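Colleague: how would this look folded up:
(chains A and B)
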Amino acid sequence: MLPQADSLIILDFETTGLSPNLGDRAIEIGAVKIESGQVVDTFQELMDPGFLISSFIQGYTGITNSMLKGSRSCSTVMYEFADFIRGSNLVAHNASFDKRFLEHELELVSSPHTGGEFACSLLLARRIYPNAPSHKLGELITYKNIPAKDGFHRALFDAEMTAKLWLKMIEDIKIEYQLAEVPFKLIMRICKAPKGSIGKVIEKWIRVHVNG
DNA sequence: TGCCAGGCCCTCTTTAGGGCCTT
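Modeller: Numbering: from 1, shown residues only, chains lettered A, B, ... in the order given. Take a look at the predicted model:
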């Protein structure tokens, strides 16, 4: 079944390190699917990278080598995830990081990237909350008073928190600029807008797409 | 041998450097 036109998937990878180019692999994927502003589906799975992960990553994520030993391989999981994201636009916090791993893992299983455009909640937060003390995911959750239990650095939890932050940012944009909807293409433009020019970007969008 | 990410963004910038953010 094809996703709705406004279907959006917020995802988060836990990995063995920072760079797939240096041999790092994904060890967990978590994602939530949002349609019409509501969470309609989730995806979470650990993945065995085929080698032991460092004590730093075990401490950082809470994911241990024994947990990964009984898990399915990256390739098996990524085949299923490619199907999960098919046709949906994507969001991640610091998307350049997750995009690199997504494309790398899909390339390893010779599966084409089936998602749509990839937006970054970090770039959006920097635009609309320039005065936030930090733009780390956890700090933004606190800054916007979004309820959260302690569970950061696990994939589904971080994806769920990013989804809540994303919906909050959309709501704040709607209120600030008196918009009924905030299309994904407009968000992409806001993310790329120079500092302090969001108002002009949105005004132009309204002129062209709302007022005709 | 030793080192090793990469994109964004700011400023003491643009012929550069360093902090932020992700694991």
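Colleague: Spatially central residue in chain A, please.
Modeller: residue A:92 (1.8 Å; Cα atoms, centre = their mean).
Colleague: Cross-check the contact I'm expecting between that residue and residue A:10.
Modeller: Yes. When contacts are counted by Cβ atoms under 8 Å, residue A:92 is listed as touching residue A:10 (6.9 Å). Bear in mind the C-beta positions are built from the backbone N, C-alpha and C, glycine included.
Colleague: And the strands in chain A, which stretches?
Modeller: A:8-15, A:26-35, A:38-46, A:89-92, A:118-120 (DSSP state E).
Colleague: Next, format those strands as TSV and append distance to residue A:188.
Modeller: As requested, these are exported to TSV (distance: least, Cβ to Cβ, whole Å):
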stretch	distance to residue A:188
strand A:8-15	12
strand A:26-35	16
strand A:38-46	22
strand A:89-92	9
strand A:118-120	6
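Colleague: which of these sits most buried?
Modeller: Mean neighbour count (mean count of other Cβ atoms under 10 Å) peaks for strand A:8-15 among the strands of chain A, with a mean of 26.
Colleague: That one to strand A:38-46, inter-axis angle?
Modeller: 20 degrees (axes from the mean of the first three to the mean of the last three Cα atoms, to 10 degrees).
Colleague: Partner strands of strand A:8-15, with direction?
Modeller: Its sheet considered, strand A:8-15 pairs with strand A:26-35 (antiparallel), strand A:89-92 (parallel) by DSSP bridges.
Colleague: what would those look like in a markdown table with mean pLDDT and distance to DNA strand B?
Modeller: Formatted as a markdown table, those follow (pLDDT from 0 to 100; distance: least, Cβ to the nearest atom of the strand, whole Å):
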| stretch | mean pLDDT | distance to DNA strand B |
| --- | --- | --- |
| strand A:26-35 | 97 | 7 |
| strand A:89-92 | 97 | 8 |
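Colleague: which one of those lies closest to residue A:50?
Modeller: strand A:26-35 (10.4 Å; Cβ to Cβ).
Colleague: Tell me, how many residues neighbour residue A:93?
Modeller: 26 (other Cβ atoms under 10 Å).
Colleague: ditto for residue A:154
Modeller: Residue A:154: 18 neighbours (other Cβ under 10 Å).
Colleague: so what pLDDT did it get?
Modeller: pLDDT for residue A:154: 96.
Colleague: Phi and psi next, for it.
Modeller: phi -110, psi 140 (degrees, to the nearest 10).
Colleague: Test my guess that it contacts residue A:29.
Modeller: No. Here residue A:154 does not reach residue A:29: they are 11.0 Å apart, not a contact under Cβ under 8 Å.
Colleague: just to revisit the earlier point, nearest to residue A:180 among the strands paired with strand A:8-15 would be which one?
Modeller: strand A:26-35 (17.4 Å).
Colleague: Okay, residue A:16 and DNA strand B: tell me how far apart.
Modeller: Noted for residue A:16: a distance of 7 Å to DNA strand B, by Cβ to the nearest atom of the strand, to the nearest Å.
Colleague: ugh, wrong one, residue A:148
Modeller: 13 Å.
Colleague: For that residue, which residues are in contact?
Modeller: A:138, A:141, A:161, A:164 (Cβ atoms under 8 Å, 6 or more residues apart in numbering).
Colleague: filter those by proximity to DNA strand B?
Modeller: By Cβ under 7 Å from any atom of the strand, the members of these lying near DNA strand B are residue A:138.
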